[in-house]
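Undergrad: pasting the sequence and the predicted coordinates here, then a few questions.
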Amino acid sequence: QVQLVESGGGLVQAGGSLRLSCAASGSFFRINAMGWYRQAPGRQRELVAVITSSGSTNYADSVKGRFTISRDNAKNTVYLQMNSLKPEDTAVYYCNAAIKISAWTIGVAEYWGQGTQVTVSS
């Protein structure tokens with residue numbers, strides 16, 4: 001059974017920084033893309049950043065230049081460094097991973113973490 005466990009959320013003042021972590025555990029063959037999504041109250045879940053297994057990244061326009069996604073493949077962990085935080089960054093942040101369960105599995109399965117709250121005060 002695959003699990004994604006997030007950590008690092010909290011309360012921070014505007015202009016501050018936080019670093020989120022998400023570690024994948026369980027039995028699987030390979031992790032493909034990993035990413036971070038967020039959902040603010042009354043809004044749909046949106047992509048924040050994604051990173052492929054080779055390290056290519058993509059960011060939402062709203063976080064470009066402020067957030068950095070990275071991963072440690074040896075630790076099956078993805079990180080999100082968030083700088084210059086704004087009140088509009090307040091949301092529950094979810095980790096996402098596309099995982100190939102076995103070498104014989106066709107395609108990948110998508111897994112989600114439980115979410116971690118990030119609150120930015122003005």
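TA: Yep, it's here. This structure is a prediction, so every number in the text was calculated from the model and none was measured. Numbering: from 1, shown residues only.
Undergrad: when you work out contacts or count neighbours from here on, use the C-alpha atoms and nothing else.
TA: Noted.
Undergrad: what's the pLDDT at Gly16?
TA: Note on Gly16: pLDDT of 98.
Undergrad: ignore the last one, Ile106
TA: So Ile106 comes in at 88 (pLDDT).
Undergrad: tell me how far it lies from Phe29.
TA: 12 Å (CA to CA, to the nearest Å).
Undergrad: how about Tyr94?
TA: Separation of Tyr94 from Phe29 (CA to CA): 22 Å.
Undergrad: who's more crowded, those two?
TA: Neighbour count, other CA atoms under 10 Å: between Tyr94 and Phe29, Tyr94 has more, with 25 against 13.
Undergrad: mind listing the strands for this structure?
TA: For the chain, applying DSSP state E gives strands covering 3-7, 10-13, 18-25, 30-39, 46-51, 57-59, 67-72, 77-82, 91-100, 109-112, 116-121.
Undergrad: joint contacts of Ile106 and Phe29?
TA: Listed as contacting both Ile106 and Phe29 by CA atoms under 8 Å, 6 or more residues apart in numbering are Lys100.
Undergrad: quick one: residues contacting Val78.
TA: 21-23, 34-35, 69-72.
Undergrad: how many residues are close by the nearest residue to it once chain neighbours are set aside?
TA: With CA to CA, 6 or more residues apart in numbering as the measure, Arg71 is the residue that lies nearest to Val78, at 4.2 Å, once sequence neighbours are left out. Using other CA under 10 Å, Arg71 has 21 neighbouring residues.
Undergrad: what does the one 5 residues further on give?
TA: In terms of burial, Asn76 registers 15 neighbours under the definition other CA under 10 Å.
Undergrad: quick one, phi/psi of it?
TA: Dihedral pair for Asn76: phi 50, psi 40, per degrees, to the nearest 10.
Undergrad: that one and Ala23 touch, don't they?
TA: Yes. At 5.8 Å, Asn76 and Ala23 qualify as touching, with contact defined as CA atoms under 8 Å.
Undergrad: partner residues bridging the residue most central in space within the chain?
TA: Nearest to the mean C-alpha position of the chain, counting by CA atoms, centre = their mean, stands Trp36 at 2.6 Å. Trp36 has these beta-bridge partners by DSSP bridges: Ala49, Cys95.
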